[in-house]
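# dropping a prediction and its sequence here:
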Amino acid sequence: MSCCDTEYSFEQVKIDTLAPGFDLPAYDPIKDDTTDVSSHDLHGKWTVLFYYPADFTFVCPTELKDMAGAKAKFDELGVTVLAASTDTVFSHRAWVKHEGLMKNFPYLMLADHNTEIASAYNILDEKSGIAGRGTFIIDPEGICRGIEVTSGPLGRNSDELIRKIEALQFMAANPGTACPAKWALGDKTLTPSIKIAGEVEAQLQ
């Protein structure tokens, strides 16, 4: 059963609401051992829940290698990255040991084998029992601030994920601001108000 603590929701995931809680076994590729991960333990931290369809597939190892290559940046931002699929911890270990792209993979790999959490995050294909490509950004209060779900053959991009996290962290530190399209650190932001309606261009100059 999933974790049902007070900081996390029982309901299906929705943007800007409490994220569904979880308590799952995981494979730790650094220690080459198993562990347990609870959403309760992540309270107070920025978290990325990075679901991928399955071990021993094709696009998935390219995505996880990309995420691994960005670990220093995620660490700098204080973000905990959790990879997740509906495979077992045993499958996770075998994949890490055999797939060259998974060499030195640094993140815990959640094993959502009963598919309960994938279902709560609305990315479960019930016929196959496999999760889709879903990326969920959860803030320190347990609120889901970002949801990205892509088609099966389409790989994701850690640079864009980092850009979104930087924007979310900036807005969290500066309440009342909004980040326009393609915003990056140092760019101008907006302060939403009826007074700038129809005059956004001037606000960005």
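Perfect, I can see it now. Residues are numbered from 1 along each chain as shown.
# ranges for the helices of the chain?
Applying DSSP state H to the chain gives helices spanning 59-69, 71-76, 89-98, 116-120, 158-173, 200-203.
# TSV for those, including distance to L18 and mean neighbour count?
Yep, even glycine has a C-beta here, placed from its N, CA and C like the rest. Formatted as TSV, the helices of the chain follow (distance: least, Cβ to Cβ, whole Å; neighbours: other Cβ atoms under 10 Å):
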stretch	distance to L18	mean neighbour count
helix 59-69	25	19
helix 71-76	23	14
helix 89-98	27	18
helix 116-120	11	21
helix 158-173	16	17
helix 200-203	32	10
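# make TSV out of those and add distance to A19 and mean pLDDT.
Converted to TSV, those look like this (distance: least, Cβ to Cβ, whole Å; pLDDT from 0 to 100):
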stretch	distance to A19	mean pLDDT
helix 59-69	19	98
helix 71-76	18	98
helix 89-98	22	98
helix 116-120	9	97
helix 158-173	14	98
helix 200-203	31	88
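# mind checking which of those is nearest G152?
Proximity to G152, assessed across these by Cβ to Cβ, is greatest for helix 59-69 (7.8 Å).
# run the angle between the closest one and helix 158-173 for me.
50 degrees (axes from the mean of the first three to the mean of the last three Cα atoms, to 10 degrees).
# now for helix 59-69, which elements pack on it?
Judged by 3 or more Cβ pairs under 8 Å, 6 or more residues apart in numbering; DSSP states H and E, the packing partners of helix 59-69 are strand 46-51, strand 79-85, helix 158-173.
# packing partners of the second one?
Contacts of strand 79-85 with other secondary structure elements, assessed using 3+ Cβ pairs under 8 Å, 6+ apart, are made with strand 46-51, helix 59-69, strand 108-111, strand 130-131.
# so for it, what gets flagged as buried?
Within strand 79-85, the residues scored as buried using 16 or more other Cβ atoms under 10 Å are V79, T80, V81, L82, A83, A84, S85.
# let me see the confidence value for the first one.
It refers to V79. What the model reports as pLDDT for V79 is 98.
# mind listing what the closest residue to it other than its chain neighbours touches?
The spatial neighbour of V79 that comes closest, neighbours along the chain excluded (Cβ to Cβ, 6 or more residues apart in numbering), is W46 at 4.6 Å. By Cβ atoms under 8 Å, 6 or more residues apart in numbering, the contact list for W46 reads L77, G78, V79, T80, I137, I138, D139, P140, I165, Q169.
# same check on L204?
By Cβ under 8 Å, 6+ apart, the neighbours of L204 are P180, K188, L190.
# ditto for R93
Y27, P29, D32 are the contacts of R93 under Cβ under 8 Å, 6+ apart.
# equivalent analysis for V200, please.
P180, L190.
# tell me how far it lies from S193.
As judged by Cβ to Cβ, to the nearest Å, V200 and S193 stand 11 Å apart.
# cool, and T177?
For T177, the distance to S193 - Cβ to Cβ - is 11 Å.
# could you do G100 as well?
53 Å.
# what sits against the residue nearest to T34 when sequence neighbours are not counted?
Using Cβ to Cβ, 6+ apart and skipping residues adjacent in sequence, the residue nearest T34 is V89, 5.1 Å away. Listed by Cβ under 8 Å, 6+ apart, the contact set of V89 reads P25, A26, Y27, T34, M109, A111.
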